[in-house]
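this is the structure alone, sequence omitted:
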């Protein structure tokens, strides 16, 4: 099991429609490849951490790096981990029309993002806190650790 | 398309022979014998007028590219070369005109197109010239042999060369000697290979200063095969950028060198809080490379129970911009944890936000402090134990002593002794008991005064303190028949610990009374004055005097007594000296046996 985290800049701001498409497409693809993790998006800032088997992860990151929708892709970590920390793949962002997203699987409002799973090392959990801060700014303090079922490793 | 032919006869110019092509021009069949004016077809009035003139003058005329507006929605204008040729009858009199019409539409359209292109080209050329002569760059065109076809005026402004200068010959001479060969080689190689170039070199400016320029050129993209190829290019002055870049690079290199030379853990982080540089010592200390440490891996180096707090604090600093500071244990390459002070501050300048941090090894200080703290605690406990012991001892000793005295007095009152020595022995026992009581009291006082050594200082009035003490010494005072003389006006107050001052004054005054000369009434003179701006107190008596080994460091030891016939424990002067030393002062003694003693107290050093 490996995980990879990166930050990048969208080439142009993503619309609700873009975000919707991205969410449904990534969830479908990631489910097929047993890739889990979380993506943050706000005002053109993108950050993602995803985990899975290295042979699935490497081609995915290569594809992400080549994706013309964003640039300045900066890989932060790429290393083996003891276990999976996320049970599925989700996205957190501020849509213009949140109502249209509420029922969508894998969608989170930024202030509903739970604290990093406790199965991560403190250094990795801090990394998630820092990228969340970098994407959303200081306005959304991390939630108290919520031991919800969806966060526990499957 | 064949040429149109028609004959026009007579002064009326009546149609004669008209071929098919001409009928197209005329827009239909021309009935023979009809004057052309009656059936002009598409021919305009001005042409009919010209025909008449040709007929009359007999001089032929060719109307070139004459435009005929053929009717119909999609028939465009057509152009004809119309030839009007008079013909003569047998009498050599002009009897008609021959009309030829050659369709030149294609040629005419091509010509008009060429004309439009020429106008457009001229416009573009003008624009290009204005642009090339307005931009700050020097622009040029050079051929494959290195001959400059065009050099923009900026070259002349820059080099200061006259417009008549031979550019080909002079240009190489203006290149910095260190760059010249390289530039000539690179440009020739590029021209030989048919490629563009981009290189930097120094060119001499009009003021003689060499300036860095960037030369870029590309060969013509569209060129006719067989024609000479030209390279078009521009020279941009990059001197300031280059110097700035060089300065930045040097500054960065120097900073790196500096950071790498410091035996501390130095690092920088991005605005987001990801470490992007660790100095060499970090690698040596941790035994890990920058890749192994990663952007947040430093957390893993901290003691496990300190990681969460450090991470929380770091995220907080990133969110607020507040400086990061903390004391943490960091793991060395050999697994040993050492205390470090970790500090980081953010720098916001034109290059954006960055964090600069350092981890200072404070392990030795930390351990030293721990050792000192332990020792301090031990000392404090020992001291307290000692106090308790002395207090307990003096208290526990005093009670039996009081009992003993009571019993002894009772015994002395009721018992009768036969021995004539008994009375004096009784007195000696009594004295010894009194002596013992005094010793115990003094011991207790010593311990109590020790505690008061560190009492806070306050402004004290010497006279009122002295009066309080004299009240306590009234019995001795009366017994010695003493007189006191105060002279405190020069320094009437003193900044000192109250208990300490009382203790010092009490000992000095009681000593002066205690050691009074038995043959004369005691006279004590107390003076307070300034010596070199510092307060000094002297107590002078006319008593027994004493032996002083060295007046500046009298060296009083506890339980050392000079006059054994006078009761006392021998701790008084020892105590005075201790108090003075601990507050930075000292004591001086001058004494003559049998005449008197003067104690001089220097409160401050």
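Yep, it's here. Values in this document were obtained by computation on a predicted structure and should not be read as measured data.

worst-scoring helix or strand of chain B, pLDDT-wise?
Every helix and strand of chain B was ranked by mean pLDDT, DSSP states H and E. The lowest is helix B:422-452, at a mean of 75.

tell me what the very next helix or strand once past that helix is packed against?
Downstream of helix B:422-452, the next assigned helix or strand under DSSP states H and E is strand B:457-461. Secondary-structure packing of strand B:457-461 (3 or more C-beta pairs under 8 Å, 6 or more residues apart in numbering or on different chains; DSSP states H and E): strand B:493-497, helix B:498-514. Where you see a C-beta, it was placed from the backbone N, CA and C, and this is true even at glycine.

on that earlier part again, what's the least confident helix or strand of chain B packed up against?
helix B:363-414, helix B:498-514, helix B:572-582.

go again using 6 Å as the cut-off
helix B:363-414 (3 or more C-beta pairs under 6 Å, 6 or more residues apart in numbering or on different chains; DSSP states H and E).

which strands or helices does the helix it packs on pack on?
strand B:337-349, helix B:422-452.

from residue B:291, how far off is residue B:278?
Going from residue B:278 to residue B:291 by C-beta to C-beta, to the nearest Å gives 10 Å.

show me which of these two is the more surrounded one.
It is residue B:278, of residue B:278 and residue B:291, that has more neighbours when counted by other C-beta atoms under 10 Å in any protein chain shown, with 22 against 9.

quick check: bridge partners of the more buried one?
When assigned by DSSP bridges, residue B:278 has beta-bridge partners residue B:267.

thought it was touching residue B:266?
No: using C-beta atoms under 6 Å, residue B:278 is not in contact with residue B:266, being 7.6 Å away.

residue ranges in chain A under the pLDDT threshold?
A:138-154 (pLDDT under 70).

circling back: report the angle between the least confident helix or strand of chain B and helix B:363-414.
Following axes from the mean of the first three to the mean of the last three C-alpha atoms, to 10 degrees, one obtains 160 degrees for the angle between helix B:422-452 and helix B:363-414.

ranges for the strands of chain A?
Ranges of strands in chain A, per DSSP state E, are A:2-10, A:36-42, A:45-52, A:70-80, A:89-92, A:107-108.

can I get the ones you listed in a markdown table with mean neighbour count and distance to residue B:229?
As requested, those are exported to a markdown table (neighbours: other C-beta atoms under 10 Å in any protein chain shown; distance: least, C-beta to C-beta, whole Å):
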| stretch | mean neighbour count | distance to residue B:229 |
| --- | --- | --- |
| strand A:2-10 | 20 | 42 |
| strand A:36-42 | 23 | 52 |
| strand A:45-52 | 23 | 48 |
| strand A:70-80 | 15 | 38 |
| strand A:89-92 | 22 | 56 |
| strand A:107-108 | 19 | 61 |
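
looking at the ones you listed, spot the one closest to chain B.
strand A:70-80 (5.1 Å; C-beta to the nearest C-beta).

Provide the strand pairings for that closest one, with the direction of each partner.
strand A:2-10 (antiparallel).

middle-most residue in chain B, spatially?
Residue closest to the mean C-alpha point of chain B, counted by C-alpha atoms, centre = their mean, is residue B:347 at 5.4 Å.

looking at the sheet around the residue nearest to residue B:132 when sequence neighbours are not counted, what are its partners?
Among residues not flanking residue B:132 along the chain, residue B:139 sits closest, at 4.6 Å (C-beta to C-beta, 6 or more residues apart in numbering or on different chains). With DSSP bridges applied, residue B:139 shows beta-bridge pairing to residue B:234.

okay, now residue B:139: neighbour count?
With other C-beta under 10 Å as criterion, residue B:139 counts 20.

most distant residue from the centre of chain A?
Residue farthest from the centre of chain A, counting by C-alpha atoms, centre = their mean, is residue A:99 at 20.9 Å.

distance of that residue from chain B?
30 Å (C-beta to the nearest C-beta, to the nearest Å).

distance of that residue relative to residue A:18?
Residue A:99 is 18 Å from residue A:18, by C-beta to C-beta.

need the phi and psi values for residue B:162.
Backbone torsions of residue B:162, given as degrees, to the nearest 10, read phi -70, psi 160.

pLDDT score assigned to it?
At residue B:162, the pLDDT value in this model is 93.

about what we covered before: could I get the strands of chain A as CSV with distance to residue B:575?
CSV is the format used below for the strands of chain A (distance: least, C-beta to C-beta, whole Å):
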stretch, distance to residue B:575
strand A:2-10, 72
strand A:36-42, 74
strand A:45-52, 73
strand A:70-80, 70
strand A:89-92, 76
strand A:107-108, 77
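
closest to residue B:2 out of the ones you listed?
strand A:70-80 (67.3 Å; C-beta to C-beta).

quick one: the closest one to strand A:36-42, angle?
Between the axes of strand A:70-80 and strand A:36-42, defined by the same axes, to 10 degrees, the angle is 150 degrees.

I'd like the distance from strand A:70-80 to the chain centre, please.
Centroid separation for strand A:70-80 versus its chain: 12 Å, with C-alpha atoms, centre = their mean, to the nearest Å.

so residue A:16 makes contact with residue A:98?
No: using C-beta under 6 Å, residue A:16 is not in contact with residue A:98; the gap is 9.4 Å.

neighbour count winner among these two?
Taking neighbours as other C-beta under 10 Å, residue A:16 and residue A:98 compare with residue A:16 leading, 15 against 12.

ok, the more buried one - contacts?
With contacts defined as C-beta atoms under 6 Å, 6 or more residues apart in numbering or on different chains, residue A:16 is in contact with A:95-97.

if we go to 10 Å?
Applying C-beta atoms under 10 Å, 6 or more residues apart in numbering or on different chains, we find residue A:16 in contact with A:93-98, A:100-101.

what does residue B:289 give?
B:278, B:282-283.

that one and residue B:254: what is the separation?
Applying C-beta to C-beta to residue B:289 and residue B:254 gives a distance of 23 Å.

ok, now residue A:80?
39 Å.

for residue B:539, which non-adjacent residue is closest in space?
residue B:508 (4.4 Å).

gap between the one you found and residue B:410?
38 Å.

who has more neighbours, the two?
Ranked by neighbour count (other C-beta under 10 Å), residue B:508 and residue B:410 place residue B:508 first, with 24 against 10.

could you report the pLDDT at the more buried one?
In this prediction residue B:508 is given a pLDDT of 89.

and it, what does it touch?
With C-beta under 10 Å, 6+ apart, residue B:508 has these contacts: B:466, B:469, B:524, B:526, B:537-539, B:541, B:572-573, B:576, B:587, B:597, B:599, B:601.

and of those, the nearest to chain A?
Once C-beta to the nearest C-beta is applied, the member of those that ends up nearest chain A is residue B:576, at 61.8 Å.

sorry, back to before: how close does the residue nearest to residue B:539 get to chain A?
As defined by C-beta to the nearest C-beta, residue B:508 lies at a distance of 68 Å from chain A.

do the same with residue B:60
Look at residue B:60 and chain A: by C-beta to the nearest C-beta, they are 72 Å apart.

what is the neighbour count of residue B:513?
Number of residues near residue B:513 (other C-beta under 10 Å) recorded here: 21.

verify the stated contact: it with residue B:480.
Yes: if you go by C-beta atoms under 10 Å, residue B:513 and residue B:480 touch, sitting 4.9 Å apart.

list residues touching both of the two?
Jointly contacting residue B:513 and residue B:480 under the rule C-beta under 10 Å, 6+ apart are B:473, B:522, B:524, B:541, B:543.
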